[in-house]
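In: Sharing a sequence plus its predicted fold:
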Amino acid sequence: MATQYPGCGMLGAMAALSGNPLPPPRDASQPYRVCFVCLGNICRSPMAEAVLRAKAAAAGLDGRVAVDSAGTGDWHVGQRMNPGARTQLAKRGYDGDAHRARQFDASWLAGRDLVLAMDSSNLASLRRVARDDPDHRVRLFGEVTGLGGTDVPDPYGGDPGEFARVLDLLESGMTRLVSQLSELLGMPAAER
């Protein structure tokens, strides 16, 4: 059954049937802007931001893709990334030290090409914010990245193994996302 995207009607249903392709760039002369969103912006979404930034650069998309992250809540605004998340990122060569948590602002919708929610609860929150925008570009990370619509579990308060499993999911999903971005942005196959 096709996933229904509120406010997208038949277009949303067709997108789901065709593998949920990425929305086209809003402005082809600018970098494609991707924002990851979780609950507090201290675990999953900043981990996703760090992974995509590194994988996009490795794929030759540096400067062609801009990545950021935010939370739906304001509990952690201004705080550093959760130590468990930072530790797992560092173990695999990613840098999360500069991150400071932010809350997603509705005005950002017009400036992002793709907003990826880490779980279905975050997705519902973002879709409520985007309800009046017919081209809101809000998707579930697991749908876009081939994880079968799977939610990325929240490791907050968990042990190191839980953070490592989240990072495994993110790395796995980013492989497909980077491939889609390369195709969308016209990277020749030889350069991918």
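Out: Structure received. Every value quoted in this text rests on a predicted model; they were computed, and no experiment measured them.
In: So Leu181 sits against Pro21, correct?
Out: No - look at Leu181 against Pro21 with CB atoms under 8 Å: they stay out of range, at 11.2 Å. All C-beta spots, glycine's among them, are computed from the backbone N, C-alpha and C.
In: Looking only at neighbour counts, state which of the two leads.
Out: Leu181 (24 against 13; other CB atoms under 10 Å).
In: What helix or strand is the more buried one located in?
Out: Taking DSSP states H and E as the definition, Leu181 sits inside helix 160-184.
In: Can you give the contact residues for that helix?
Out: Helix 160-184 has contacts (CB atoms under 8 Å, 6 or more residues apart in numbering) with 21-22, 24-25, 32, 34, 43-44, 47-48, 51-52, 55-56, 59-61, 65, 82, 84-85, 87-89, 92, 141-142, 144-147, 150, 152-153, 155, 191-192.
In: now the helices: where do they sit in the protein?
Out: Secondary structure of the chain, counting by DSSP state H: helices at 9-17, 44-58, 83-91, 120-129, 141-144, 160-184.
In: for the shortest one, packing partners?
Out: Which is helix 141-144. Other elements packing on helix 141-144 under the criterion 3 or more CB pairs under 8 Å, 6 or more residues apart in numbering; DSSP states H and E are strand 114-117, helix 160-184.
In: Tell me which of the ones you listed is the most buried.
Out: Highest mean neighbour count of the helices and strands packed on helix 141-144: strand 114-117, a mean of 26 (counted as mean count of other CB atoms under 10 Å).
In: export it as PDB, just CAs?
Out: Extracted in PDB, the C-alpha atoms of strand 114-117 (Å, rounded to 0.1, in the frame of the first residue of the first chain):
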ATOM      1  CA  LEU A 114      14.500  17.800   2.100                       C
ATOM      2  CA  VAL A 115      13.600  17.400   5.800                       C
ATOM      3  CA  LEU A 116      14.100  13.900   7.100                       C
ATOM      4  CA  ALA A 117      12.400  12.900  10.400                       C
END
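In: Which neighbours in the sheet does that strand have, and how are they oriented?
Out: With DSSP bridges as the test, strand 114-117 is paired with strand 32-38 (parallel), strand 138-140 (parallel).
In: From the rest of the structure, what touches it?
Out: By CB under 8 Å, 6+ apart, the surrounding residues in contact with strand 114-117 are 22-23, 32-38, 48, 104, 108-109, 123, 125-126, 136-141, 144.
In: try stretch 94-111
Out: Residues contacting stretch 94-111 (CB under 8 Å, 6+ apart): 26, 33, 35, 37, 40-42, 46-47, 49-51, 54, 69-74, 76-81, 85-86, 89-90, 115, 126, 129-130, 133, 136-138.
In: now with 6 Å?
Out: Contacts to stretch 94-111, defined as CB atoms under 6 Å, 6 or more residues apart in numbering, come from residues 37, 41-42, 46, 50, 54, 70-72, 74, 76-79, 81, 86, 89, 129-130, 133, 136.
In: ok, now stretch 46-54?
Out: With contacts defined as CB under 6 Å, 6+ apart, stretch 46-54 is touched by 36, 67, 69, 81, 85, 89, 94, 96, 99, 170-171, 174.
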